[in-house]
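>>> could you look at this predicted model? Sequence included:
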Amino acid sequence: MPPAMATIAEKIQATRQSLLRKPPYCTGVCPLVVDTGGVLFYRHGETSRWLDLSQASNEQLEQLTSACEPATFGLNQENVLDESYRKAWKMDTKQFATKFDLKTHHLLERIRVQLMEGLNQERGIHAELYKLNVYGPGSFFKPHKDTPRGSDMFGSLVVVFPTRHDGGVFRLRHQDEEWSFDSAVAVSGQDEPAFGYIAFFSDVEHEVSVVTSGHRVTLTFNLYFDSKEAPALPKSIVPVAPDDTVFKDALANLLRDPEFLSMGGLLGFGLRFMYPVSTAVKRLERLMNSLKGCDSVVQHVCEELSLRVSLNSIYKVRAPRGGSVRVAIEEVVPLGSLEPDSDNLLDLFIAEGGTIIYEAGTNCPLNWRREPFDESMEIVWITELTKLTRCRTDYMAYGNEASSEHIYCDICLIAEVPSARRRGALVSDEGSSPMDWDGDGDGDGDEEGGDVDEQKANI
């Protein structure tokens, strides 16, 4: 007796479960370059000093601390000094120079292999030295997210030198999961001077627990995607082959089913991470090359299957005949003083190019004439939408420094699915060929002379 065919619901669930999720961070311990790796020069008043952090004395570390300033943090776009939330010391890059070299230690290559997923492993990344921090006895930093410094910034790197200390455990939390890295323990167990490092996506909440003794000295770098192709890996670093085939095969199997979105519609993917949106340029398409982790895997697989993808904000607004509807739009809309239940808010979103979305299996929302909205489409959420886009940007947010140029935003990725009739030739059994939606054999999904709006209208 042949096995029973999987239902559409089972195929959706299989697609959802096939999307593997790596932790949003990576850690390691590496030997310091002998004689130079831990050397630090810094300014203290009118004099200059230096020390070797691989063998610094307590007196030298006290002198370094006294040369630093109390560390502030960002709260609601202002720098705040509050030692009940953060007690630590900082030194800006103009005040010091270090012999520590990321290139010599192959740190960016390690991060690219350990942290990145899918095609992002082939992209170049670069680091920008941000600050030196000292955490002495009683120092700590409560939960916060690192301040975004641009749409191409994806993470942060913290390098912990082998200065003797206890405590100062680095803890991360994201989507109900928690991880920790005790660099003091990791570094102290080495036979030769070594440093610990942790790189993580910057929208992940993290904290530094109380240092109970000694001095925890760190360098922090901002991490950015680079337009250049990634350099070849050194022989000492073994690449990890990106494995997105399970997700690709599951999604292709779902799209083969003629009963799935038979008249066409949308696939929705609530993204795992938040992304920095410019307060000046609110179009979301510029973030497409900055997706992180499994979010980037979703993007690349959908594109390989010839699905048109876009990044969207999702707003919940008042419907014409009571209740509410959800609107997807490819930008963050400045609402000013408008409230989510304002009567004319829906008209504003539609005028800006928004689309009313409703979940598959439910009725299409009706306009004031009791007719289905022309600007509406059915959507199936493969990964759940975790949060609606905030309607205001003046919410309380803790960061490592104030910023008014970028804010973190909850967004989603939406893929357009043509009707079953137009889906044409299917993915091969190996899952390596794109779908030929238009039947012209080129696998690009575009009809000759057609445009995206025309296709969307005819899904």
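Arrived safely, thanks for sending.
>>> number of residues surrounding L348?
Neighbour count of L348, defined by other C-beta atoms under 10 Å: 17. The way it works is simple: take the backbone N, C-alpha and C, and place the C-beta from them, glycine included.
>>> just to be sure, it is in a helix?
Yes. Checked against DSSP: H, G, I helix; E, B strand; the rest coil, L348 lies within a helix.
>>> all strands of the stretch 251-400 of the chain, in order?
Taking DSSP state E, counting those that start in this stretch as the test, the strands found in the stretch 251-400 of the chain are 265-270, 275-278, 308-318, 324-329, 355-359, 376-383, 398-399.
>>> just checking: what are the partner strands of the fourth one?
Just to be clear, that refers to strand 324-329. Strand 324-329 has these partner strands in its sheet, going by DSSP bridges: strand 308-318 (antiparallel), strand 355-359 (antiparallel).
>>> which parts of it are buried?
Under the neighbour-count criterion of 16 or more other C-beta atoms under 10 Å, strand 324-329 has V325, R326, V327, A328, I329 buried.
>>> now D203: closest residue in space that isn't a chain neighbour?
M274 (4.1 Å; C-beta to C-beta, 6 or more residues apart in numbering).
>>> pLDDT at the one you found, what is it?
We note a pLDDT of 90 for M274 in this prediction.
>>> now P239
pLDDT, P239: 56.
>>> swap in A71?
Listed pLDDT for A71 reads 92.
>>> thinking it is in contact with Y85, fair?
No. Shown here, A71 and Y85 do not form a contact pair, counting by C-beta atoms under 8 Å, at 10.5 Å.
>>> so for those two, which residues contact both of them?
F141 (C-beta atoms under 8 Å, 6 or more residues apart in numbering).
>>> how about H215, nearest residue that isn't a chain neighbour?
L61 (4.2 Å).
>>> contacts only, for S139.
Contacts of S139 by C-beta under 8 Å, 6+ apart are K87, A88, W89, G168, V208, V210, V211, R216.
>>> that's a helix at R149, yeah?
No. Residue state for R149 (three-state DSSP) corresponds to coil; a helix is not indicated.
>>> so who does the residue nearest to it when sequence neighbours are not counted touch?
Using C-beta to C-beta, 6+ apart and skipping residues adjacent in sequence, the residue nearest R149 is N222, 5.7 Å away. Contacts for N222 (C-beta under 8 Å, 6+ apart) come out as A127, E128, Y130, D146, R149, M153, S156, L157, S202.
>>> look up how far T386 lies from D176.
In this view, D176 and T386 are 11 Å apart by C-beta to C-beta, to the nearest Å.
>>> which positions within stretch 363-374 qualify as buried?
For stretch 363-374, the neighbour count (16+ other C-beta under 10 Å) marks P365, N367, F373 as buried.
>>> tell me the one of those residues nearest S227?
F373 (40.3 Å; C-beta to C-beta).
>>> who's in contact with the closest one?
Applying C-beta under 8 Å, 6+ apart, the residues near F373 are I356, C364, P365, L366, N367.
>>> quick check: phi and psi at it.
Backbone geometry at F373, expressed as degrees, to the nearest 10, gives phi -60, psi 140.
>>> distance of it from T355?
Going from F373 to T355 by C-beta to C-beta gives 9 Å.
>>> what does L291 give?
21 Å.
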